[in-house]
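Engineer: Quick one: sequence and predicted model below, then my questions.
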Amino acid sequence: MFVISNFIIAIAKIVDILLNLMLWCIIIRSLLSWVNPDPYNAIVQMLNRITDPILQPIRRLIPMFNMGIDLSPFIACLAIIFLQSFAIRSLYQIAQAMH
């Protein structure tokens with residue numbers, strides 16, 4: 001059973017790292033949007049490609065209503081923090097219970 005437990009811990013760590021990377025990409029993209037970066041910049045394009053699959057569905061669900069403020073990065077960050085607090089911790093506890 002310790003092999004399965006270690007496998008679950010490894011998956012939890014990898015998912016946690018990926019969620020942290022996604023969180024930082026969303027934060028950086030939000031900060032860059034304040035300075036109106038060059039859309040042809042390779043880094044800006046990479047950030048857009050990485051974060052658009054997460055932000056676009058949120059934008060469809062929650063329109064801006066002419067506020068001028070895009071709340072989708074904030075909601076995505078909250079969702080990522082929730083996943084880290086709930087799903088990752090749950091995986092660790094499952095692995096500990098199996099050990």
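Structural biologist: Noted; the coordinates are in hand.

Engineer: Name the helix or strand for the residue lying closest to Ile28 once chain neighbours are set aside, please.
Structural biologist: Using Cβ to Cβ, 6 or more residues apart in numbering and skipping the chain neighbours, the partner closest in space to Ile28 is Leu47 (6.3 Å). Placement of C-beta: from N, CA and C, glycine included. Secondary-structure assignment from DSSP states H and E places Leu47 in helix 42-61.

Engineer: shouldn't Ile58 be in contact with Ala76?
Structural biologist: Yes: counting by Cβ atoms under 8 Å, Ile58 does reach Ala76; the two are 5.9 Å apart.

Engineer: Show me which of the two is the more surrounded one.
Structural biologist: Ala76 (22 against 16; other Cβ atoms under 10 Å).

Engineer: Ala87 versus that one, what's the distance?
Structural biologist: Using Cβ to Cβ, to the nearest Å, one gets 15 Å for the distance from Ala76 to Ala87.

Engineer: same thing with Ser30?
Structural biologist: 23 Å.

Engineer: who has more neighbours, the two?
Structural biologist: More neighbours surround Ser30 than the other of Ser30 and Ala87, with 18 against 14 (other Cβ under 10 Å).

Engineer: hang on, that one packs against Pro73?
Structural biologist: Yes: taking Cβ under 8 Å as the definition, Ser30 is a contact partner of Pro73 at 4.4 Å.

Engineer: What helices and strands are in contact with the helix holding Leu47?
Structural biologist: helix 2-33, helix 72-83 (3 or more Cβ pairs under 8 Å, 6 or more residues apart in numbering; DSSP states H and E).

Engineer: how far off helix 72-83 does it point, in degrees?
Structural biologist: On the basis of axes from the mean of the first three to the mean of the last three Cα atoms, to 10 degrees, helix 42-61 is oriented at 80 degrees to helix 72-83.
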